[in-house]
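*Asks:* Sharing a sequence plus its predicted fold:
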Amino acid sequence: MIPINRPQIGEEEVEAVVKVLRSGLLTQGLGAGPMVTQFEKNFAKFAAAKHAIAVNTGTAALHSAVVASGVKNGDEVILPSFTFVATAEAVVMAGCKPVFVDIDPETYNVSPVEIEKAVTRRTKTIVPVDLYGLPADIKPIREIAVKHSLAVVEDAAQAHGATYAGKPAGVFADVACWSLYASKNMTTGEGGVITTGDDEMAETMRLIRTHGEKAKYASLMLGYNYRMSEMQAAIGLVQLEKLPAFVAKRRENAGKLNRILAETDKLQLPHEPKGRKHSWYLYTVRLKNATEKERNRIVEELRKKDIGAEVYYPYPVHLMPYYRDSFGRRKLPETEKAAKQVFSLPIHPGVTEEQLEYISKTLLNLL
């Protein structure tokens, strides 16, 4: 099976972990051991951010950032439904009401027009998602936020190596959240990072990370155990150095698939709008004018032929029972249509040219 994603781990990562194990310093009570501190410094430079706060998951990053954006119980947070559920989880964990809005059917990113329509006096924060690794159209979203005095927390969990207007994803938001899960463009196994240029938000998120403590056993606010271990940070330091090559290979592989699959008019292929560069975390195509059953049949046939095609995401969050029952039913036609028609193909750095030929020719034959 050609997997949809595979961690690219070499001897350098193994040696880095062994070095930490031999040092005996596996973690640090306030979440700032030497490896974590160095990783934060390097990641901040990569993301063109003043601060980077390393945490143990991307979900922890999102939750910390939403809390630090200044929300209170009952406030509304605007976000897309076409995303991994963690985006919405973080909003609910912060005591807020998620207000789901529709997407742009060409990019699958949240629509700024729909965001504007959803703003009320209870709105506090906007959480755009860089879905599949393509940055959301953040400048008009930023304008809406400024107009209504809202915070922008960018879910950049899939966007390592992506750029918007020539700058790294996340730069135009108040805070950006990154996942380091095993499938991502770079990984620490589990892990996450928060980046921001805001000193006050950075300080709040560091407190949240470690039980609200600035000094041991002296909590200043409600906090959590969101620390990253020294072993995770050691892996992250190596992976961050390799990231440009990883993204370049993904870009190359995506380009090859686009060129071959352009032979058919049955697919909507992924593209990069002007001013945005994709991280190519996922290469996602859309079966035009298809039913969910037809899309699922194509995915099933690809898997039978050892191609790890996957659907991201078959169940929009607003239709999941907990969110539907807790926050009310909404109609998001573009989201619901896309969820029935999209599927993703493997393009990670481990996919060979021969495998790309096999993937694309197999799909064309099935179509």
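*Replies:* Yep, that arrived.

*Asks:* neighbouring contacts of the helix or strand encompassing L207?
*Replies:* In the assignment (DSSP states H and E), L207 maps to helix 199-209. For helix 199-209, the surrounding residues in contact (CB atoms under 8 Å, 6 or more residues apart in numbering) are 31-32, 50-51, 53, 55, 60, 63-65, 67-69, 174-175, 194, 196, 213-214, 220-224, 226-227. C-betas here are computed from N, CA, C, even on glycine.

*Asks:* Please apply the same query to stretch 352-365.
*Replies:* 2, 253, 256-257, 260-261, 263-264, 298, 302, 305, 307, 345-347, 351.

*Asks:* Okay, and which of the contacts of helix 199-209 map to strands?
*Replies:* Mapping these onto strands (DSSP state E) picks out H51, I53, V55, V175, I194, T196, E213, K214.

*Asks:* which among these end up buried?
*Replies:* Buried members of the ones in strands among the contacts of helix 199-209, scored by 16 or more other CB atoms under 10 Å, are H51, I53, V55, V175, I194, T196, E213.

*Asks:* Over to the residue lying closest to S326 once chain neighbours are set aside: give its phi and psi.
*Replies:* Take S326 and drop its neighbours on the chain: the residue closest to it by CB to CB, 6 or more residues apart in numbering is V92, 7.8 Å away. Listed backbone geometry of V92 is phi -70, psi -40, with angles given as degrees, to the nearest 10.

*Asks:* Centre of the chain to stretch 86-94, how far?
*Replies:* 14 Å (CA atoms, centre = their mean, to the nearest Å).

*Asks:* Could I get the CA-only coordinates of it as PDB?
*Replies:* C-alpha atoms of stretch 86-94 as PDB (Å, rounded to 0.1, in the frame of the first residue of the first chain):
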ATOM      1  CA  ALA A  86      -9.900  19.700  16.800                       C
ATOM      2  CA  THR A  87     -10.500  23.200  15.500                       C
ATOM      3  CA  ALA A  88     -14.000  23.200  16.900                       C
ATOM      4  CA  GLU A  89     -13.000  21.200  20.000                       C
ATOM      5  CA  ALA A  90     -10.700  24.000  21.000                       C
ATOM      6  CA  VAL A  91     -13.400  26.600  20.800                       C
ATOM      7  CA  VAL A  92     -15.800  24.500  22.900                       C
ATOM      8  CA  MET A  93     -13.100  23.700  25.400                       C
ATOM      9  CA  ALA A  94     -12.600  27.500  25.800                       C
END
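
*Asks:* what about that stretch, average pLDDT?
*Replies:* Mean per-residue pLDDT for stretch 86-94: 98.

*Asks:* Ok, stretch 273-282 next?
*Replies:* Here the average pLDDT along stretch 273-282 is 98.

*Asks:* was I right about G133 contacting Q158?
*Replies:* Yes. With contact defined as CB atoms under 8 Å, G133 reaches Q158; the gap is 4.7 Å.

*Asks:* okay, and the common contacts of these two?
*Replies:* Here G133 and Q158 have N185, S279, Y281, L282 as joint contacts, going by CB under 8 Å, 6+ apart.

*Asks:* Name the nearest of the residues you listed relative to K337.
*Replies:* L282 (18.4 Å; CB to CB).

*Asks:* With adjacent residues omitted, what lies nearest to G29?
*Replies:* Nearest to G29 is K216, by CB to CB, 6+ apart, at 5.7 Å.

*Asks:* Please apply the same query to L26.
*Replies:* The nearest residue in space to L26 (CB to CB, 6+ apart) is E230, at 5.5 Å.

*Asks:* quick one, domains of this protein?
*Replies:* Domain assignment for the chain by automatic domain parsing gives 11-238, 243-366.

*Asks:* so which of these is the most packed in?
*Replies:* The highest mean neighbour count among the domains of the chain, using mean count of other CB atoms under 10 Å, belongs to domain 11-238: a mean of 21.

*Asks:* Quick one: end-to-end distance for it.
*Replies:* In domain 11-238, first residue to last residue: 10 Å (CA to CA, to the nearest Å).
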